[in-house]
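Novice: Build me a model from this:
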Amino acid sequence: MADYENAEKQIMNCLLSYTRGIDRLDPDAILAAFHPGALLEGYQIDAFVPIEDFALPVVERLRKRYSSTQHRLSNTKIDFNDDGAIAESYILAYHVQPADEDSPERLWTFSGRYIDYFEDRDGQWRIAKRFLRADWTKIETIDEKMPNKFIAGSRDKDDPIYGQIAN
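Specialist: You can find the predicted model right below:
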């Protein structure tokens, strides 16, 4: 009998490694969620993209276009079958585009789902194939911010999560 409790833990860790990697601009954390050669569909129209061709380019695009992002997962359902597991997770992703001479600061919001096919290879549950599906999107102007003086997060390994907290 399979150790589904351990498998579920590994699967959730993969999903969260991906979101941390996207938001902290860490391609290694993104890659850690996938088996080598894993394919992603839904990020480009009518094309599967190997994870190795996705991780670094997406980090560079996010770094250039947005001042911050936050990807939140919810409603994750994991179903095991003879071939591995299928995980469906709702995704709510926020992207802050800085103001420039042509436009004000804007918030881009994406709501959709990740449908991930996980495989167990040598005791490691990771994503073998991912489908991204959009449910709705919204773009809005950020006209006003909260008056509090919060410490901004870092989008790199200067963030405290990579320091003593993570060790």
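
Novice: Look up how far Arg24 lies from Glu105.
Specialist: Computed as Cβ to Cβ, to the nearest Å, the Glu105 to Arg24 distance reads 21 Å. The C-beta positions use only the backbone N, C-alpha and C, and glycine is treated the same way.

Novice: So those two - more neighbours on which side?
Specialist: Between Glu105 and Arg24, Arg24 has the larger neighbour count (other Cβ atoms under 10 Å), namely 20 against 14.

Novice: So what does that one look like in phi/psi?
Specialist: The phi/psi pair for Arg24 (degrees, to the nearest 10) reads phi -100, psi 10.

Novice: residue closest to the middle of this structure?
Specialist: Thr19 (3.2 Å; Cα atoms, centre = their mean).

Novice: What sits closest to that one if chain neighbours are left out?
Specialist: Distance criterion Cβ to Cβ, 6 or more residues apart in numbering; nearest residue to Thr19, sequence neighbours excluded, is His71 at 4.3 Å.

Novice: I'd like to know how far the one you found sits from Phe80.
Specialist: Taken as Cβ to Cβ, the span from His71 to Phe80 is 25 Å.

Novice: one step back: may I have the secondary structure class of the residue nearest to the centre of the chain?
Specialist: At Thr19 the chain is in helix, as set by DSSP: H, G, I helix; E, B strand; the rest coil.

Novice: hey, where'd the helices end up in this protein?
Specialist: 4-23, 27-32, 51-65 (DSSP state H).
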